[in-house]
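[1] fold the following, please.
(2 chains)
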Amino acid sequence: MTAGPQPTSTRPALHVALVLARWIVGLMFIYMGLNKALHPVEFLKLVRQYDMVHAPLVLNLIATILPWFEVFCGLLLVLGIAVRGSALMLVGMLVPFTLIVLRRAIAIHDAGGIAFCAIKFDCGCGTGEVFICRKLVENTLLTLFSAALLRWRSRKLCLRYAVIGDR
Amino acid sequence: MRDGPGSRSQGKGLLWEALLVLAVGIGLSLAANWLSPQGLSLTADPFHGDTRPTLPLASTNALTNVVAMGTNTLSLAEQVAVRLKEKGLQVATSNEVLEVFRDPRYPHDLVVIVDARDEDNFKQGHIPGAVLFNHYYLEKHLPVLQLCQIAEKIVVYCSGGDCDDSEHAAVTLRETGVSKEKLWVYPGGMAEWSTNGLPVEIGDRRSGVLQGAKP
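    Below is the predicted model:
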């Protein structure tokens, strides 16, 4: 037995769950990415507020690439193309970003003495001002769904397999 | 369960797939930015090397700070004033902006009020006669640079509160050759102007659609 992605051919419920996970994560990323891509200056200012990058070129590249890249990965998931590769990229973005947002929230909590779950700010996630606890739960779920897409492989409603078959 | 050659090759395949997604994604993102009318310039430095960010405030706190600028609690206003002076920028009070607004040279663009916010905010309401200058898209606002070269006094404002677009726009103007002696920043911004019951122009510059003036 190998440790690769587990086949799901004998578990139809899992197929449905994986298609739903693909669509939920994909649509969320398309929505959040477009919100940022259509207002890149606002996103640039928010990225700067994290005080992690100071070089103008790097700041501009992040504000330029990240929103469209999220839209691209979201589209791939919805269409079912390079699902596991996209899911890996999303996990790679979600985990560090969630930790950065958490760090920011802790800084605000320490500075303002506000109850942690009452902290509300625009984290640059593409959904405007959100309560931090809600954001952390949302990101955890997105990470788990993406991880599930990495763990189990399903070809149901995937454009890739509909077009080129099993190659 | 043990890892075999099959699992290694699948892991390798996954990695290659992710790298392909990354490469194509970056290429398409750069192309989308280039094609988008809202696209950013990669080489611009809109913050002029200023690495000091401000902590995002809860919306209620931000409102309190804006309103506080019109009363005796000046903590945020004082902080902004100190920051502006550090950058060699002159600070304009609400009364000074009002003087510029009522100056007979204002309709002739010999004294200019510059709105450093984006077009959407500008159209929702700006100081009557103010000219839009979004310094993040400098190439779209070249006529404003010419206007500011000729003007004898220029006041730059943005939303007020913790907004720093006005100071970055003022520094941009200074870097393009506008003399610092005639350049002022109004930190109270649109929030203070509106709170004071002064007229607000809706839509384009000199649209004539005014609202909010106290009788």
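
[2] okay, now residue B:134: neighbour count?
    20 (other Cβ atoms under 10 Å in any protein chain shown). Using the backbone N, CA and C atoms, a C-beta is placed for each residue, glycine as well.

[3] same check, this time on residue A:22
    27.

[4] give me the element it is part of.
    helix A:12-37 (DSSP states H and E).

[5] for residue A:133, same thing?
    Going by DSSP H and E, residue A:133 is part of helix A:132-151.

[6] what pLDDT, on average, does that helix get?
    Across helix A:132-151, pLDDT averages out at 94.

[7] off-centre distance for that helix?
    8 Å (Cα atoms, centre = their mean, to the nearest Å).

[8] buried set for it?
    A:132, A:135, A:136, A:139, A:142, A:143, A:145, A:146, A:147, A:148, A:149, A:150 (16 or more other Cβ atoms under 10 Å in any protein chain shown).

[9] among the residues you listed, which are within reach of chain B?
    Among the buried residues of helix A:132-151, the residues lying close to chain B (Cβ under 8 Å from any Cβ of the partner chain) are residue A:150.

[10] can I get the buried residues of helix A:132-151 in TSV with distance to residue B:146?
    Conversion of the buried residues of helix A:132-151 to TSV gives the following (distance: Cβ to Cβ, whole Å):
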residue	distance to residue B:146
A:132	46
A:135	45
A:136	49
A:139	47
A:142	49
A:143	51
A:145	53
A:146	51
A:147	56
A:148	58
A:149	54
A:150	56
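
[11] going by distance to chain B, which of the buried residues of helix A:132-151 wins?
    residue A:150 (7.7 Å; Cβ to the nearest Cβ).

[12] name the element the closest residue in space to that closest one that isn't next to it in sequence belongs to?
    Nearest residue to residue A:150, sequence neighbours excluded (Cβ to Cβ, 6 or more residues apart in numbering or on different chains): residue A:87, at 4.8 Å. Assigned by DSSP H and E, residue A:87 belongs to helix A:83-112.

[13] before we move on, what about residue B:112?
    Per DSSP H and E: strand B:111-115 holds residue B:112.

[14] could I get the average pLDDT for that strand?
    Strand B:111-115 comes out at a mean pLDDT of 97.

[15] distance from that strand to the middle of the chain?
    Computed by Cα atoms, centre = their mean, the chain-centroid distance of strand B:111-115 equals 14 Å.

[16] closest point of chain A to chain B, which residue?
    residue A:85 (3.1 Å).

[17] ok so, going back, and the strand holding residue B:112, which strands flank it?
    The strands that strand B:111-115 pairs with in its sheet are strand B:131-132 (parallel), strand B:153-157 (parallel) (by DSSP bridges).

[18] so which of those strands is nearest residue B:147?
    For residue B:147, the closest of those is strand B:131-132, at 6.4 Å, according to Cβ to Cβ.

[19] list of residues touching that closest one?
    Counting by Cβ atoms under 8 Å, 6 or more residues apart in numbering or on different chains, strand B:131-132 makes contact with B:112, B:113, B:114, B:115, B:117, B:119, B:122, B:126, B:141, B:144, B:147, B:205, all of which sit outside it.

[20] how many neighbours does the third one have?
    With neighbours defined by other Cβ under 10 Å, the count for residue B:114 comes to 28.

[21] ditto for the second one
    By the criterion of other Cβ under 10 Å, residue B:113 has 25 neighbours.

[22] can you tell me how far it is from chain A?
    21 Å (Cβ to the nearest Cβ, to the nearest Å).

[23] please apply the same query to the fourth one.
    The span separating residue B:115 from chain A equals 15 Å under the rule Cβ to the nearest Cβ.

[24] quick one: that residue and residue B:130 touch, right?
    Yes: using Cβ atoms under 8 Å, residue B:115 is in contact with residue B:130, at 4.4 Å.

[25] check what pLDDT residue 63 gets.
    Picked chain A for this. pLDDT, residue A:63: 96.

[26] wrong chain, I was asking about chain B
    The model's pLDDT for residue B:63 equals 35.

[27] what of residue B:69?
    39.

[28] and if you look at residue B:56?
    50.

[29] next one: residue A:7
    57.

[30] tell me where chain B has helices.
    B:5-35, B:59-68, B:75-86, B:94-102, B:119-124, B:142-150, B:165-175, B:189-195 (DSSP state H).

[31] domains in chain B, by residue range?
    B:1-32, B:77-208 (automatic domain parsing).

[32] deepest in the core, which of those is it.
    Across these, averaging neighbours per residue (mean count of other Cβ atoms under 10 Å in any protein chain shown) puts domain B:77-208 on top, at a mean of 18.
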